[in-house]
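Chemist: Structure for the following, please:
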Amino acid sequence: MLSVSAEERSGPGNGGANWRVFLTAIFSFALALSLYALYHGAMDFRMFYAAAWMVRQGQGGQLYNLAAQRAFQAQYTAYPGLLFNYPPVSAALYLPLTLTSLKSAYLLWCLGNMLALAGVAVTLRTRRGLLADAANFYGVALLFGPALFTLIQGQTSILVLLAYAGALALLRRRRPLAAGIVLSLALIKPQLALPMLAVALLQRRWRIVGGWLLGAAGVLIASVAICGWKVMTEYPRFLRTMGSLPSTGIQPAYMASLRALYMLARGSEPRLWMLAAVTLLALLVTTRHSMETDRGYALATVVTLLVAYHLFPHDLVLLLIPLTFLTAEAGPSRRLTVLLAGAWLAPLLLVIFYPRALPLLALEMLALLAWILCANARPMQSAV
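Modeler: Presented below is the predicted three-dimensional model:
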C-alpha cells in the first residue's frame, strides 16, 4: 500500500483543532437527539428489548406470538411498542442488555452503535480529502440523517453497515470467502442481505456465494437454537400476516425504495410481476462492474437499497458506501462537493420537514446509480 503524507491524509485546511471541534459538535447533536428519544419513548428499541427478555426467559419459541410479545412489552417497557418482526438472532444481539434497565440499556446500545460507526469510519476512509481522516469521517457520518435515525430508534442498521464495510475491506484484501461470511451477517435485516447474494450469483462470484451461505447456515442454526425448528415455518407465516397486524411500523408510503416511489406516483402497490421484473433489471445493471471492486460494490449497495421490499429511513445509512466512493471520485471540485452535500443531507431534511416525500429519495439513489456508472474508472483508494 502506498505511503501517504500527513498533509495528504488530512486534506487541505483541516487542522487538528478544527476536526475536534467539529466532532464534538456532531457528537453532542447526536447525543441530544438520542436522549430526546429516550425520554419521549419514540424508539424501536422497546420491541428489541422485550424480545431479548423473551429469549432470556426461555420463551424464544413464542417470539412470533402476538399475545406473548405484547405481554413482555407491557412487563419490561411500560407500554406496548412495535411488533418484533426480525430474525431471532436480532433479539439475541440485545440479550446482554437485559441485565440492566430499559433506559440504561438504550444508552449502552447507542454507545455500541457509535463505536460500530467508528469502525466503519476507519474501514471506509479514503486516501485524500475530507474523508481521509477517520475522525472527520466519523463526524460527517454522525451528521448523516440515517445514522442519527438509527441511534434515535435503537435500531440495527449501523451493524448492517459495519458488515457491509467489513466485507468490502476483505474484498480489497482478495479474501472473497471471508467477505461472503461477513456479508451474511446482514441477515439481521434479510431485505438488505438477499439482494447482495443475488448480485454475487449473477456475477458468478462463487467464493462470495459460498461464504455467504456458510454464514447464513450459522444464522439459521442460531435461530433454531433460540426458537426451535418451528421457526422455519412460523417466521415466514408471521411475515405474511404483517400487513394485517396493528403496530408493525411498516408503511411503504414512508419508505425510499422503487416500490415506495411507484406507490407515491400511482397510489397503489405494484403488481408482483412488475416488482420482480424491475428487481431483476436493477440487479442485472450490477453485472457491469465486479462487486469485488470499490465501484462495483458501491453499485451493488445502491441497487440493494432500491429493490429492498422494506426500506426504512435508518436503512439508508448504507448510502455511506456509495457516497464515500463518489466523494473520492469528485476530488476537489466545488460543484460536485455541493451536489454530494445535498445528497448527504436530503434524508435528514425530508424526515424532519416532509416525511411523505421520503419515496423521492429513490430518485436520489437512481441519480447516484447513474453517477457511479458514469464515474471515471479510477478505483477508490483505501487508507487502510
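Chemist: pull the helix or strand with minimum mean pLDDT from this protein.
Modeler: Using mean pLDDT, DSSP states H and E, helix 6-10 stands out as the lowest-scoring helix or strand of the chain, at a mean of 41.
Chemist: Q69: neighbouring residues, count only.
Modeler: Burial measure for Q69: 24 neighbouring residues, criterion other CB atoms under 10 Å. C-beta coordinates here come from the backbone N, C-alpha and C atoms, glycine included.
Chemist: From what I see, it and N85 are in contact.
Modeler: No: using CB atoms under 8 Å, Q69 is not in contact with N85; the gap is 9.6 Å.
Chemist: how near is T150 to A179?
Modeler: To A179, T150 is 23 Å away according to CB to CB, to the nearest Å.
Chemist: What of G218?
Modeler: Relative to A179, and taking CB to CB, G218 is found at 15 Å.
Chemist: For stretch 293-311, which residues meet the burial criterion?
Modeler: 293-308, 310-311 (16 or more other CB atoms under 10 Å).
Chemist: Helices of the stretch 201-350 of the chain, residue ranges please.
Modeler: 206-227, 231-240, 258-266, 272-285, 294-307, 320-330, 334-353 (DSSP state H, counting those that start in this stretch).
Chemist: Quick one: closest of those helices to Y138.
Modeler: Of all the helices of the stretch 201-350 of the chain, helix 320-330 sits nearest to Y138, with 11.1 Å by CB to CB.
Chemist: and the angle from that closest one to helix 294-307?
Modeler: 140 degrees (axes from the mean of the first three to the mean of the last three CA atoms, to 10 degrees).
Chemist: Any stretches of the stretch 151-300 of the chain with poor pLDDT?
Modeler: Residue ranges of the stretch 151-300 of the chain with pLDDT under 70: 243-249.
Chemist: redo that, cut-off 90
Modeler: For the stretch 151-300 of the chain, applying pLDDT under 90 flags the ranges 151-154, 228-272, 275, 288.
Chemist: Test my guess that V120 contacts L161.
Modeler: Yes: if you go by CB under 8 Å, V120 and L161 touch, sitting 5.6 Å apart.
Chemist: Compare those two and say which is more crowded by neighbours.
Modeler: Counted by other CB under 10 Å, V120 and L161 do not tie: L161 has more neighbours, with 30 against 26.
Chemist: That one against V317, yeah?
Modeler: Yes: if you go by CB under 8 Å, L161 and V317 touch, sitting 5.1 Å apart.
Chemist: quick one on the thing from earlier: identify the contacts common to V120 and L161.
Modeler: Shared contacts of V120 and L161 (CB atoms under 8 Å, 6 or more residues apart in numbering): L320.
Chemist: and G119, how many residues sit next to it?
Modeler: 17.
Chemist: in the strand or helix carrying C110, what counts as buried?
Modeler: Assigned by DSSP states H and E, C110 falls within helix 102-124. Within helix 102-124, the residues that count as buried by 16+ other CB under 10 Å are 102, 105-107, 109-110, 113-114, 116-121, 123-124.
Chemist: Would you check which pair of the residues you listed lies furthest apart?
Modeler: Largest separation among these by CB to CB: L102 and L124, giving 32.4 Å.
Chemist: can you pull the contacts of F48?
Modeler: Taking CB under 8 Å, 6+ apart as the test, what F48 contacts is F84, Y86, S90, A91, L93, Y94, G154, T156.
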